[in-house]
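S.K.: Sequence first, then the predicted structure:
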Amino acid sequence: MSLNKLPALHNWLRLRHLQLIATLADTGNMHATAQQMGLSQPAVSKMLREIEQMLGFQLFDRQPRELVATEMGVAVIAYARRTLNDSQHFAQELETLRQGGYGHLRVGAIFAATAQAVPRALLQLKHQRPLLTVELLEHTSDHLLQMLLHKQLDLVIGRFTEPRQQEHFSYQEVASEPFLLCAASNHPLAAEAQPSAPDLEQWPWVVYPPNTPLRCMFEQAFIDAGIQFPRNRVETASVQSTLHLLQEGQALALLPEAIARQQVELRQLALLHPPLQTPSLGYGLIWRKDELMSANAAQFCEALQQVLGEADNRSL
């Protein structure tokens, strides 16, 4: 498509067209798309042809049983979904403000942050803005950053997982979280002052999935200590699943300090002192570049930094 067509495209392309593109991508079927959008199948087919003619390329390959997005189509589908998410959030924000509220804030956070810091910051924010609706999602950084890119989140508390993410997002580090080795309070190793390398190798482990920043750090910690990385392992990013496997089984795991100490206080877990240097990894506030942060997001950032500052002062 020539750049000369862009002004005409902006004037012609409507949210209805973007909705059609996103729905076709979801269903892979013109008949199902027509039903969902309340249109006839010929109308869907005609609208798709008009969009493709305006763009100058096919969005979908017409295969016998389904529509499959082309390489160029994948990029257009991603744009359509981002724009629709942005429009939906805008409409919700306006309606809430019209009714006298403070709007919505959608925050994604990694588990290290949601153990204590984020809930305390949200309590402070809700005290200041009681009618603000907050959506909080816990997940891994890579998943949250994809949602942030597609405008399904306003802000992420996490860390970069790939260098190219720095092209799209701004980052401000707010904390560095140590990781501690844990086992169930009744685990045989809990009674030992310092488990040996063979001790650690003989027990099952719960570890983060491959290619995540934490997994890479853990693997390096094992290499530095001369300990074989666990072969008997469960790989998960779920904190609840990890805690269950520790409490109900004989597994070992490295957990963020905030989560580990919570569980030790509840007498569910015990801290071990292994012959390996347990890592620390920073995390921070991440938002989309070249986009003005909303007042709600900015106030949440202030609350989070205040909570973390108070925690640092208590630890001194």
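M.R.: Happy to help now that I have it.
S.K.: you'd agree Lys174 is in a strand?
M.R.: Actually, residue 174 is Val. It isn't Lys. Yes. Secondary structure of Val174, determined by DSSP: H, G, I helix; E, B strand; the rest coil: located in a strand.
S.K.: Downstream of the biggest helix by length in the chain, the next helix or strand is which one?
M.R.: In the chain, taking DSSP state H as the definition, the longest helix is helix 71-98. On the C-terminal side of helix 71-98, the nearest following helix or strand under DSSP states H and E is strand 104-109.
S.K.: pLDDT on the helix or strand following that next one, on average?
M.R.: Counting by DSSP H and E, the element after strand 104-109 in chain order, helix or strand, is helix 111-114. Helix 111-114 comes out with an average pLDDT of 85.
S.K.: immediately after helix 111-114, which helix or strand?
M.R.: Using DSSP H and E, the helix or strand that follows helix 111-114 towards the C-terminus is helix 117-128.
S.K.: Can you give the contact residues for that following helix?
M.R.: With Cβ atoms under 8 Å, 6 or more residues apart in numbering as the contact definition, helix 117-128 has outside contacts at 105, 107, 109, 132, 134, 136, 157, 175, 258, 296, 299-300, 303-304, 306-308, 311. Quick note: C-beta positions are derived from backbone N, CA and C, even for glycine.
S.K.: What angle do helix 117-128 and the helix or strand following it make with each other?
M.R.: Following helix 117-128 in sequence order, the next helix or strand is strand 133-138 (DSSP H and E). Relative orientation of strand 133-138 versus helix 117-128 (axes from the mean of the first three to the mean of the last three Cα atoms, to 10 degrees): 180 degrees.
S.K.: Give the other helices and strands that the longest helix of the chain contacts.
M.R.: Judged by 3 or more Cβ pairs under 8 Å, 6 or more residues apart in numbering; DSSP states H and E, helix 71-98 is in contact with helix 15-27, strand 104-109.
S.K.: which other helices and strands contact the following helix or strand past the first one?
M.R.: The element immediately downstream of helix 15-27 (helix or strand, assigned by DSSP H and E) is helix 30-37. Helices and strands touching helix 30-37, by 3+ Cβ pairs under 8 Å, 6+ apart, are helix 15-27, helix 41-55.
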